[in-house]
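**Q** structural data only, the sequence is not supplied:
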């Protein structure tokens, strides 16, 4: 689609972390987190670095599966998201929480067996630089595993919420979801970026799953209020958030019923060694 990441597309603050974790994580992230955790555990790593951990869904999936001697460094650019992740994670001496920029990691070369990043590479202003940093901190033979969303049309709730926002603001539609979470899905471009970062053993798998919620309003809240779409809405009209949420709810209900509702989601899983 050719979107560029906007300057504020990585700033998660205010009410977003809590709504993100309560509504969006069970809606779309948990199954993909389990998938990444299974892939990582198969490598039997002694040390894992997680980039852009968000509210900690991968951390919660992976931590119980790691060996008792493993070292697990969990990072995110946003301290508010990291605080949310650590607050809901059971105490574990193997985990260290650290604020860090994925494009400028504060770790030595050859430090980790695995680097993992769930649905966050899309937010990197410079994808190749981010991948090169992952490679730099990996030990020889180490594994970089991450995933990205497919295009917005293949992720139906996200698409309908974007349509709802566009109907409320027809002259200046808020396009955060299309621009960033769903703006980096071209497999040739992804592979080229990974190769440019120095990886050569690369596999990409597309996984389609079903996203389900008890009511049509839940996914509307998840995307409109638990992502940076909220900021774009409030920048246009501070009083329009409920209007967008209501319209997105109507569109979801018209397509899938009032609830329970289920829709397609699709992402790409990349493993590079």
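**A** Sure thing, it's come through. Since the structure is predicted, the reported quantities are computational estimates derived from the model, not experimental observations.

**Q** run through the strands of the stretch 101-250 of the chain in chain order.
**A** 112-118, 138-149, 202-213 (DSSP state E, counting those that start in this stretch).

**Q** might you list the low-confidence residue ranges for the chain?
**A** The chain contains residues with pLDDT under 70 at 1-14.

**Q** most centrally placed residue in it?
**A** Using Cα atoms, centre = their mean, the residue of the chain that lies closest to the mean C-alpha position is residue 119, 2.8 Å off.

**Q** residues of the longest helix along the chain that come out buried?
**A** As assigned by DSSP state H, the longest helix anywhere in the chain is helix 241-256. Neighbour counts over helix 241-256 (16 or more other Cβ atoms under 10 Å) mark 241, 243, 244, 245, 247, 248, 249, 250, 251, 252, 253, 256 as buried. C-betas here are computed from N, CA, C, even on glycine.

**Q** which one is residue 43 nearest to, not counting chain neighbours?
**A** Nearest residue to residue 43 in three dimensions, chain neighbours excluded: residue 143, at 5.4 Å (Cβ to Cβ, 6 or more residues apart in numbering).

**Q** residues in contact with the one you found?
**A** Neighbouring residues of residue 143 by Cβ atoms under 8 Å, 6 or more residues apart in numbering: 40, 43, 45, 113, 114, 115, 271, 272, 273.

**Q** for the residues you listed, which single residue is the most surrounded?
**A** Neighbour counts for the contacts of residue 143 (other Cβ atoms under 10 Å) peak at residue 115, which has 30 neighbours.

**Q** give me the nearest residue to that residue, chain neighbours excluded.
**A** Nearest to residue 115 is residue 134, by Cβ to Cβ, 6+ apart, at 4.4 Å.

**Q** so how far is residue 174 from the one you found?
**A** To residue 174, residue 134 is 31 Å away according to Cβ to Cβ, to the nearest Å.

**Q** that older thread, what angle sits between the helix or strand following the longest helix of the chain and strand 112-118?
**A** Elements were assigned by DSSP states H and E; along the chain past helix 241-256, the next helix or strand is strand 261-272. Angle of strand 261-272 versus strand 112-118, following axes from the mean of the first three to the mean of the last three Cα atoms, to 10 degrees, is 150 degrees.

**Q** so residue 202 touches residue 268, yeah?
**A** No. Residue 202 lies out of contact with residue 268 (Cβ atoms under 8 Å); the separation is 11.7 Å.
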